[in-house]
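In: predicted model and sequence below, questions to follow.
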Protein chains: 2
Amino acid sequence: MTGASPARAAAVAAVAEVFREHGYAGASLALIGARTGLGKGSLYHLFPGGKAEMAQAVLDDVEAWFEASVFAPLRDTADPAAGLRTMMAETRTYFRSGNRMCLVGILALTAERDPFAGKIAGYFSAWRAALATALRGRDGSEAVEIVAEECVAAIQGALILSRALDEPDVFERVLSTWEQRLLARV
Amino acid sequence: MTGASPARAAAVAAVAEVFREHGYAGASLALIGARTGLGKGSLYHLFPGGKAEMAQAVLDDVEAWFEASVFAPLRDTADPAAGLRTMMAETRTYFRSGNRMCLVGILALTAERDPFAGKIAGYFSAWRAALATALRGRDGSEAVEIVAEECVAAIQGALILSRALDEPDVFERVLSTWEQRLLARV
DNA sequence: CTCGACCTGTACCGATCGGTACAAATCCGG
DNA sequence: CCGGATTTGTACCGATCGGTACAGGTCGAG
């Protein structure tokens, strides 16, 4: 079963970094083995489905983290502002101030994404929905969904631009701009 | 020489689509051969440097297109509003309303980007600078560079989100939102 | 028609790909 | 200490990888 043994959890974290840095096609079993410190035997014991199952596990891992650290606080309508601040803080930490790419975004881009398309869409959809819920707190009338999706897109784009320009400040600027912009709405 | 024979130009366009859809690592010579209709002999005749030279050629191609169709109009300070409108229209067309990925963004993400890092950074840097120039038209004092980079990031992020959610509308919305936002500044 | 330059298809190279098989090592309850 | 289950390293598989070699085709200039 796809249980949660500590060994597997550690492997998932390491595999995630390889996918982040090389994409799905570029993440060879050799790279994954080196990063995890595991031979093929162990790798295929933990992930009988091979590379595809590793990607699924990694996506589940990301989704669980975001669900607990970002989506849940955002859905707490009692204090939307606190939820937004939490989201921004966690996002900043998670992406290491722009030095770490978004795994889901990377997996979304290339043609090999098809087996994961559902999970990928669900992830961004959940983020947008949770953010819209927080924004709807007091601002019931306006098109909060559109603001929410623009914010998510801005974060993704900031990651790309930061990396392409090798300027982590870009990510920081976009994040703080949006934090102010969102807090002004609730 | 890396001249501009028609055959090579056609090949560059086809190769670009393969890179767009599969990333650098995922773009195998088999895929490239199938898409271009060229055998390895012709491919290595046109691009003696192999895959790396193809990527360079493709980046040059994109850069030339953007320079002529987007950057140049933006730098025409006589009519900034017209330049902005042109940029948005060309961007919408180029990315096929969100159904076509940004080649430079894709190449920027993975670790194999290193040989092209300079060109990639230059491309986004030129876009940001040209956009800032257009914005500086009348609005001399404000931090136009920051607005410009936020806009470029928003477009990149909108492409990712559109593709991940399989909702081209996301791209359209972000683009038109930013068009209004920018035109209000000049 | 001949020749040489250009172009292209094909066979082939060693390396690496993702994946499998399996035996040895390790672990742990009895 | 035993013995079965779990975990691991390693050898190996066919396929495909990026790249090379080269023979033959195509073409226009002389």
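Out: Structure's in. What do you need?
In: ok, A:G41 to chain B distance?
Out: Using C-beta to the nearest C-beta, to the nearest Å, A:G41 is found at 25 Å from chain B. Every residue, glycine included, has its C-beta placed from N, CA and C.
In: can you count the residues close to whichever residue of chain A sits closest to DNA strand C?
Out: Residue nearest to DNA strand C within chain A (C-beta to the nearest atom of the strand): A:G50, separated by 2.6 Å. Residues near A:G50, counting by other C-beta atoms under 10 Å in any protein chain shown, number 12.
In: if I read this right, it contacts A:Y44, doesn't it?
Out: Yes - counting by C-beta atoms under 8 Å, A:Y44 is a contact partner of A:G50 at 6.7 Å.
In: picking that back up, list the contacts of the residue of chain A closest to DNA strand C.
Out: A:G50 makes contacts with A:Y44, as judged by C-beta atoms under 8 Å, 6 or more residues apart in numbering or on different chains.
In: and it, how far is that from A:Q56?
Out: Going from A:G50 to A:Q56 by C-beta to C-beta, to the nearest Å gives 11 Å.
In: where are the low-confidence patches of chain A?
Out: Applying pLDDT under 70 to chain A flags residues A:1-4, A:137-141.
In: give me the neighbour count for whichever residue of it sits closest to DNA strand D.
Out: Distance from DNA strand D to each residue of chain A (C-beta to the nearest atom of the strand) is smallest for A:G41, at 2.2 Å. Close neighbours of A:G41, defined as other C-beta under 10 Å, add up to 8.
In: and A:T77, by the same measure?
Out: The burial count for A:T77: 12, using other C-beta under 10 Å.
In: cool, and the one 4 residues further on?
Out: The number of residues packed around A:A81, counting by other C-beta under 10 Å, is 14.
In: which ones are touching it?
Out: A:L183, A:V186 are the contacts of A:A81 under C-beta under 8 Å, 6+ apart.
In: now A:F171
Out: A:F95, A:S97, A:G98, A:A158, A:L159, A:L161, A:S162.
In: weed out the non-buried ones from the residues you listed.
Out: Buried subset of the contacts of A:F171 (neighbour count, 16 or more other C-beta atoms under 10 Å in any protein chain shown): A:F95, A:G98, A:A158, A:L159, A:L161, A:S162.
In: export those as CSV, with columns for secondary structure and distance to chain B.
Out: Formatted as CSV, the buried ones among the contacts of A:F171 follow (DSSP: H, G, I helix; E, B strand; the rest coil; distance: C-beta to the nearest C-beta, whole Å):
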residue, secondary structure, distance to chain B
A:F95, coil, 13
A:G98, helix, 11
A:A158, helix, 5
A:L159, helix, 8
A:L161, helix, 5
A:S162, helix, 8
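In: what residues does chain A have near DNA strand C?
Out: Within reach of DNA strand C by C-beta under 7 Å from any atom of the strand, chain A has these residues: A:A27, A:S28, A:L29, A:A30, A:L31, A:K40, A:G41, A:Y44, A:G50, A:K51, A:A52.
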